[in-house]
Structure formats: structure tokens, C-alpha cells
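Have a look at this prediction, sequence included:
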Amino acid sequence: MTHLPTPSAHGPRCIEVALAVPLFRTFTYAVPEEIAVPIAPGSRVLVPFRHRQEIGICLGAVAPPDGVVLKSVQAVVDDVPSLPASLLHTGRWIADWYAAPLGLTLRSMLPTALTVATASAPSVKTQRVVHLVTDLPSLLQREQLFARAKQQRVVYDLLEAHGGTAPFESLRVQANCSAGVLTAMAKRGLVEIRDEVQQRDPFAGRTGTAPPPHPSAQQQEAVRTILAGEAGQVFLLHGVTGSGKTLVYIEVLRAVLEQRGQTAIVLVPEIALTSQTVDRFRGAFGDDVAVLHSGLSDGERLDAWRSLRRGERRIAVGARSALFAPLERVGVVIVDEEHESSYKQSETPRYHAREAAIVRARAEGAVVVLGSATPSLETWERADRGQAIRLTLPDRAAGAQLPPVTVVDMRVEMKQAIAARNPNAPYDETLGVFSTSLLVALEQRLVRGEQSLLLLNRRGYSAFMQCNACGDVPVCPHCSISLTYHRIPEMLVCHYCQFHQPVPAQCPQCASDTMRRRGLGTQQVERMLAERFPEARIARMDVDTTSGKWAHTQILDRVARGEVDILLGTQMIAKGLDFPNVTLVGVVDADTGLNLPDFRAAERTFQLVSQVAGRAGRGPKGGDVIIQTRMPGSHAIQHAITHNVTGFVHEELGARRMPAYPPFVSIANVMISGLDQAATATMALSAAEWVQRLIHRQGLRDVVLVGPAPCPIDRIKDRWRWHFLLKSSQPKLMTRVARYLAERYPVPAVHELRLTVDRDPVSLL
Ligand code: ADP
Ligand code: ZN
Ligand code: ZN
């Protein structure tokens, strides 16, 4: 915690102020006579800075520096500090641990509306929105409907993929058509076009879901242990998929609020994808819950923040940044799906919400519950070391069983399919995409009126295009990554920078007309499914269909209402969904993430496959899982099949010892990027040498530097990228080196060169 030096009795009163600038320093201001009362740490103050007025955060009183003329604080903005002591403490920890400037860190903890000197009132905006009128027609009906209207078909498919609603302009742009096409569709009665006040808080209008009335003995035992935890105690709630972790959270919250009069924070990976879970909290606690989500306007965010600050609402539910909810007397911090990489912020300050949650909870005297069916290795190890108490829910709630999992070796499947093929038949695109068992299983579900989930973790139509003659693959001119083929609308798209270009008719290299599409994407699988099962109602959920703010929720609501037979999607569909009528989960290609050059590749694959498998068989009808792979022997897949978390963790932990990776060492990924290739490489080499000299000079033998080398994706958005890793088994040393590097390394002011330190990275690409 902060120690305030006693202000000198003689000189002017002074305070230390953090300003939101990318500098590793704070500023001292004089407090004028008019401000009679002491300014509490954590309060916002208005100060002059570089000919402007800025909002800064008072860190506390300091002794006046000698012989310096100070500028004065102009006003104190807060009656009560915007950042209570526990948050100020958390902010200091984040800035220190992740080598980020304190001022920027503190600013990122507050709603935007509180951090700008002149806030303008948020205005009401209207927007033209297109709604689908008819229910989903099957592929057959659609063929007839749009036989003579190709563009309308494109719009229709897009709209459907967006969950039935999309803003007029964005739909028109995506479909690459004129406004006339949309109005013609409205005339045909296919869609409705309305001017609408932009929807503000969709959660305000949703009814919550009542929780199950009777916790099981297992659940009660977990609740009791958590409530008996000492201040600052961390719990790992390891409950298999469908074990009812949400009810454990709810019962803990109830006791914390009602018996102890305390408050609570609940973190979920992404609000839009976890609306079901959020509905359950609202069902149990109604308006006591403030849902903090990215769809809130600045004004609404401020309202939510204020209601928490005043104690009018006592539970903050939200993604990452809900950790900074201005609650006092926090009794519990819950991190649901704690293994999710979305808890890591990808820009400064690059904090991990799980780790920061533990720091805040300690400062509050609260307990922490980290829940997951597939815990991160970090958390698992923390429990092994005795720094977290492991609680296990080994069984599914209400007598449901974990679904049996079948693995299909697609190499064998492919051989058989080729052998059985009629040599005169035209080339069949679907060959090697769906195994016979998956097709049979899907068919059965359609006949029985049950639902299926299909996972393919790659969006677009095909992974890339390649010339059959010369082997050329079109790549993004701004990134070192191949362009993905998209069919609606038809173009090649870069998934890193959104660059797009028309599909070349001929090979740009050798001019032969042998460009072929390679590798599967969700768009293509969607189309194959539609052709194979023309009567099926298919919905797709990936980045392309969820650009609208509430598109995710709309798609999931349709699944819940039984309006979708097959939901196809990327990893988005693996997060916490609980639909009892889903009796089949298929993984089209389990290998998409396995071969990435990242030490977490196996862990991510294991988590993804286990989590999506866990969506099956949650109701009385049971369920099945079919996993298609070309690497059935990989330990990630083997253990996912048997729902064997312990087996996976132990094998994977073994692999993380030599060479050492987290959780056995702390690592920081130091990234050097710039517009010039040679200058970036030169800077990477000299920065690495600079750090080596620092390590030697200070005798920090426990800090090891690996690299430098070009990043696996060595150019993104025109910036060349190099990196090196720092590893250390002593976190304190890592903090010292990382901070020293971030603060002191002299980055040349050319070619937009940049150095960033990413401590505890979740991706090394
Ligand atoms: P998890 O998050 O652990 O995967 P959920 O919290 O989604 O599991 O719960 C799975 C399902 O079991 C939900 O539909 C939930 O309503 C139900 N459930 C949980 N606990 C109970 C219980 N004690 N009695 C009856 N149903 C329960
Ligand atoms: Zn070619
Ligand atoms: Zn690009």
C-alpha cells in the first residue's frame, strides 16, 4: 500500500498526480489556499498540463521539491475518490507488474466519461435497421424465392447469418449492393426497414432465468468451503461441464450480500457470448446486478458505474474491466471460465484480469473463486503449490452424464472415401470434410427434432487460395499472412488487417487459370451442410456474422427457442452454452490450433475440444460427441476424449519443464516492431544485447533471454515484428528487468519503431 511522506509544515502543500500520458513518471502540483481540505488519494483533480487542462488522479501528499516553481491544482473534481484505496492499490500493482505507465493504467480503470476534461452529454441517435420478417426458409425454399434475385439472396443470407437484424448501411456495404436491393426486398415483404433509436441496454429488457431451487450436496459443500475461506483465499472451482458451477456462484453471492452485507464482482469471458449465464445472475438478484458490457454508451457506462459507487447495486457482472467496478466492502470476486485468454488485455496496460482479481481481492479482504471445467495450468499449479484450495464438482448436475466421445481418424476416412469413389464422378468438395459417422449422426438429430452444434475454428470460406501450376498463394500486402477466401461477398480478406481484394481469375504469378481454394472455413461448411441437408435450419456464428452489437445474443436466443437445427461456429460456440436439446456436438477439424508455433497450442486445443464437447447431452435426452482429427494420438485430443483433465495437465506440465515455460517460469514477450524491416531487425538485436548487458551488470543470472527472432507472423498492418522472450523463476527479478527495459530503453525515433513488453503473454504469434 502507499506510504505518504508527511508534507513539510512550511512550504506549499503539494500532491503527486498521475496523468494519462505514456511516461513512466508522475507530476507534482501545488495545492492552492482555496482548496482547504486535504485531497484524498484516488480523487480526480483538474490540472494544467502542456497548455491544456487534464484530469489526473491524486496519489497523495508529497513534500514540495526544492527550487522548482510548481503549477497549481485548478480544482478537485470528486467529492469521494473515484478510485477507492483497493483500486488504487490494484492499479499500482498492474502498472508495476506489467511495466505500464501508472497514469495510463489508472485511466483505463475508469469510465471514459470520467477521464475527459470536457464531457459532452451523450445524445439519442436513431439508425435505419433491417429486420428479417419471415422465418428461416430452408435452402430449397430459398432457391425458389431468389431464383431471379441473386443480390437479394446475398442480402438474405447475410441478414440471416447476422441473427435476423442488421443496420441498413452496414448490411448494404457487406452485401456490396445498392440501397434499392434492400428496399425491393422490403416491398416483397421479406424484410422490414425501420428507423430505430439505437438500442442502449439490451440487458435491461431481458428477463432473468430463475436458478434451480435445490443445490446438490456437492454444490452445497463447495459453497460452505468458499464461505469459510479466510480473507484473500483463492479457490479453484474445478467442475466438469454441466456440473452447475453457476449455482455455486449464486449461492455464494446470496450469502455474501444478504448475510454479510458485502458486495461482489463476477467476471465472465465475454458478455455477448455468455448472455445465458448473465440472465441467471439477473434472475437471482434482479436490479442488484449491474451488467457492464461493451454495448453500453459512455453515458450508460457512467450511470452503471455511479450506481455501483453509491452502493445502489451490489453485484458487478462483466468482462475483464468489470474488475475495476468501484464497489466497496467486496466479499467475493468470481472469475468464471478462468482459463479463457480473453481475460488478458492486448493493449497497455496488458494485464491479466485473473491475476489482477487476486490482487484486488487481497486488498479488499475478499475471497476469490476461479471456476472452470478445464483450468489453466497456472491455476492448477497454484493449487498444487497450496496457494489455492481446489474444490471439485466431479458430476454433472441433476443426474446428467458426460457425453461419450467418438474420434474419427480423418486420414483413414479419406482413404476409404477415395477408394469407394466412382472415378468418373466429378470432384466432390465434401470429400474428407464430413465423416460418415458425423453425417449419420446429424441426420438422426434432424429426424428426431434435436439440435446439433458443429465447431470449426476457422472463419471464411476457404483457408487460402493456391495456384495448382506454380504453387503461389496470395498473401496480404500488409501482413505476412495468406488471404482468406470469402464467398459472401466474394473476395479475399486478410484476417489481421481487414485488407480485401477481388478474387483473381488468373494466378498473379504465372497467369495460368488454375487458382484453387484450399482448406475449410465456416462459410464453406455452412454451404456444404445446406446442400446435404436442404431442410435443415442452419445458423452460423463467427466474427463475420456477429458484427452487430447484439448479433451473438440474437443467434443464441434463436437456438434456445428451437428455431435452429444446426449451429455452426468458431470457438465462440464453445463458451458456456447450456441448451438441453443439443444432443450432438461435432468437431469438424480438431487440428486447426494444434500446430501453431506457440507453447500453449496443446492446452488451447484441449480446452477448446473439451469445452465444446461439454455442450452436448445437458438434458435428459443425453448426447454424443464426434471429433474429427488427423492427429488422434495427440495428448490434447486423447485426454479431451476421456474428459481427463488431470491426465492432460500432468502430461502437459511435464512438457513445460524443459525448456521451461509457464507456470514454472514467468515469461515476458518483448516485441519490437516498425515500418522498416532492417531497422526493426537491428533494433531487436540491440535491445536484446542491451538487456543481456543489464542482466550481467546487475548479476541477474536467473533471468534468461531467448532470441531475438522474427515473430511467427513477421508482419502485421505494415509493421515488421521481432521478439525475444525473458524467462525467470523469480517474478521480482522479472518485474525489475521488464520495467527497466520499458522505461529506459532508448527507442530510436525513426520508422515508427516501438518496443512493447507483454508479461504473462497468452499468445506468442
Ligand atoms: P457449468 O457452468 O458447470 O457447465 P451450469 O451452471 O451451466 O454448469 O449448469 C448446468 C445445468 O444444470 C443448468 O441447466 C443448470 O440449471 C442445471 N443445474 C445446476 N445445478 C442444479 C441443481 N442443483 N438441480 C437441478 N439442476 C441444476
Ligand atoms: Zn501460378
Ligand atoms: Zn493484412
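Received it, and whenever you're ready, just let me know what you need. Ligands and ions are numbered 1, 2, ... in the order given.

Please count neighbours and contacts with C-alpha atoms only from this point.
Noted.

Might one say that I566 is in contact with E535?
No: between I566 and E535 no contact is recorded; they are 11.0 Å apart, counting by CA atoms under 8 Å.

Show me which of those two is the more surrounded one.
Remark: of I566 and E535, I566 carries more neighbours, 26 against 15, as counted by other CA atoms under 10 Å.

ok, now which ones touch the more buried one?
Q451, S452, L453, L454, A536, R537, I538, A539 (CA atoms under 8 Å, 6 or more residues apart in numbering).

Next: P326.
Contacts of P326 by CA under 8 Å, 6+ apart are S82, L83, P84, L87, W305, L308, R309.

Buried ones among these?
S82, L83, P84, L87, W305, L308, R309 (16 or more other CA atoms under 10 Å).

From P211, how far out is the closest residue to R206 other than its chain neighbours?
Spatially, and ignoring its direct neighbours in sequence, R206 is nearest to D279 (7.5 Å; CA to CA, 6 or more residues apart in numbering). Distance from D279 to P211, counting by CA to CA, to the nearest Å: 10 Å.

Which residues of the stretch 451-600 of the chain lie near ligand 3?
Applying CA under 5 Å from the ion, we find that the stretch 451-600 of the chain lies next to ligand 3 at C476, H478, C479, C494, Y496, C497.

count of neighbours near the first one?
As a burial measure, C476 scores 25 neighbours (other CA under 10 Å).

Over to the second one?
If you count neighbours by other CA under 10 Å, H478 ends up with 16.

before we move on, the earlier item: let's have the buried ones among the contacts of P326 in TSV, adding distance to ligand 3, pLDDT and secondary structure.
Formatted as TSV, the buried ones among the contacts of P326 follow (distance: CA to the ion, whole Å; pLDDT from 0 to 100; DSSP: H, G, I helix; E, B strand; the rest coil):
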residue	distance to ligand 3	pLDDT	secondary structure
S82	40	93	coil
L83	39	95	coil
P84	42	93	coil
L87	38	96	helix
W305	37	92	helix
L308	41	94	helix
R309	42	92	helix
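
R517: which of the residues you listed is nearest?
Nearest to R517, judged by CA to CA, of the buried ones among the contacts of P326 is W305 at 49.2 Å.

my guess is the closest one contacts P111, does it?
Yes: W305 is within contact range of P111, at 7.5 Å (criterion: CA under 8 Å).

hmm, who's touching the lengthiest helix in the chain?
Ordering each helix of the chain by length in residues (DSSP state H) puts helix 677-697 first. With CA under 8 Å, 6+ apart as the test, helix 677-697 has contacts from 672-674, 701, 703, 705, 707-708, 710, 720-724, 737, 741, 745, 751, 753.

And that helix, what's buried?
So, applying 16+ other CA under 10 Å, buried residues of helix 677-697: Q677, A679, T680, A681, M683, A684, L685, A687, A688, V691, I695.

Mind putting these into JSON lines with pLDDT and distance to ligand 1?
Listed next are the buried residues of helix 677-697 as JSON lines, based on pLDDT from 0 to 100; distance: CA to the nearest ligand atom, whole Å:
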{"residue": "Q677", "pLDDT": "95", "distance to ligand 1": "47"}
{"residue": "A679", "pLDDT": "96", "distance to ligand 1": "49"}
{"residue": "T680", "pLDDT": "96", "distance to ligand 1": "45"}
{"residue": "A681", "pLDDT": "96", "distance to ligand 1": "46"}
{"residue": "M683", "pLDDT": "96", "distance to ligand 1": "47"}
{"residue": "A684", "pLDDT": "96", "distance to ligand 1": "44"}
{"residue": "L685", "pLDDT": "96", "distance to ligand 1": "47"}
{"residue": "A687", "pLDDT": "96", "distance to ligand 1": "45"}
{"residue": "A688", "pLDDT": "96", "distance to ligand 1": "44"}
{"residue": "V691", "pLDDT": "96", "distance to ligand 1": "44"}
{"residue": "I695", "pLDDT": "93", "distance to ligand 1": "45"}
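
could you dump those residues to JSON lines with distance to L227?
As requested, those are exported to JSON lines (distance: CA to CA, whole Å):
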{"residue": "Q677", "distance to L227": "56"}
{"residue": "A679", "distance to L227": "56"}
{"residue": "T680", "distance to L227": "53"}
{"residue": "A681", "distance to L227": "53"}
{"residue": "M683", "distance to L227": "52"}
{"residue": "A684", "distance to L227": "50"}
{"residue": "L685", "distance to L227": "52"}
{"residue": "A687", "distance to L227": "49"}
{"residue": "A688", "distance to L227": "48"}
{"residue": "V691", "distance to L227": "46"}
{"residue": "I695", "distance to L227": "45"}
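
Tell me the spacing between the spatially most central residue of the chain and L106.
When CA atoms, centre = their mean is applied to the chain, the residue found nearest the centroid is S342 (2.8 Å). From S342 over to L106 the distance is 20 Å, taken as CA to CA.

and what of L568?
L568 is 40 Å from L106, by CA to CA.

now T680
31 Å.

Quick one: name the residues of this structure near ligand 3.
So far as CA under 5 Å from the ion goes, the chain lies against ligand 3 at C476, H478, C479, C494, Y496, C497.

The last one contacts I716, correct?
Yes: with contacts counted by CA under 8 Å, C497 reaches I716, the gap being 7.3 Å.

Same drill for those two, tell me which one is more crowded.
Legend: neighbour count by other CA under 10 Å for C497 and I716, higher for I716 (18 against 13).

Touching, the more buried one and S482? I think so.
No: I716 is beyond contact range of S482, at 11.5 Å (criterion: CA under 8 Å).

Might you report the residue contacts of R282?
T207, G208, T209, D288, V289.

about what we covered before: and the residue nearest to the centre of the chain, which of the three is it?
Per DSSP: H, G, I helix; E, B strand; the rest coil, the local secondary structure of S342 is helix.

Per-residue pLDDT of it, please?
pLDDT recorded at S342 is 92.

which residue sits closest to it in space, ignoring its chain neighbours?
Per CA to CA, 6+ apart, closest to S342 is P269, 6.0 Å.

Check the gap between that neighbour and V317 for me.
P269 sits 11 Å away from V317, going by CA to CA.

And A425, by the same measure?
56 Å.

Who has more neighbours out of those two?
Shown here are A425 and V317; by other CA under 10 Å, V317 has more neighbours (25 against 7).

Helix, strand, or coil at that one?
With three-state DSSP as the basis, V317 sits in strand.

what do you get for the one 4 residues further on?
S321 carries the three-state label helix when classified by three-state DSSP.

That one contacts M109, correct?
Yes: contact between S321 and M109 holds when scored by CA under 8 Å: they sit 7.1 Å apart.

Compare neighbour counts for these two and give me the winner.
Neighbour count, other CA under 10 Å: between S321 and M109, M109 has more, with 22 against 19.

Need the per-residue pLDDT for the residue nearest to S342.
At P269, pLDDT is 91.

Okay then, goodbye and thanks.
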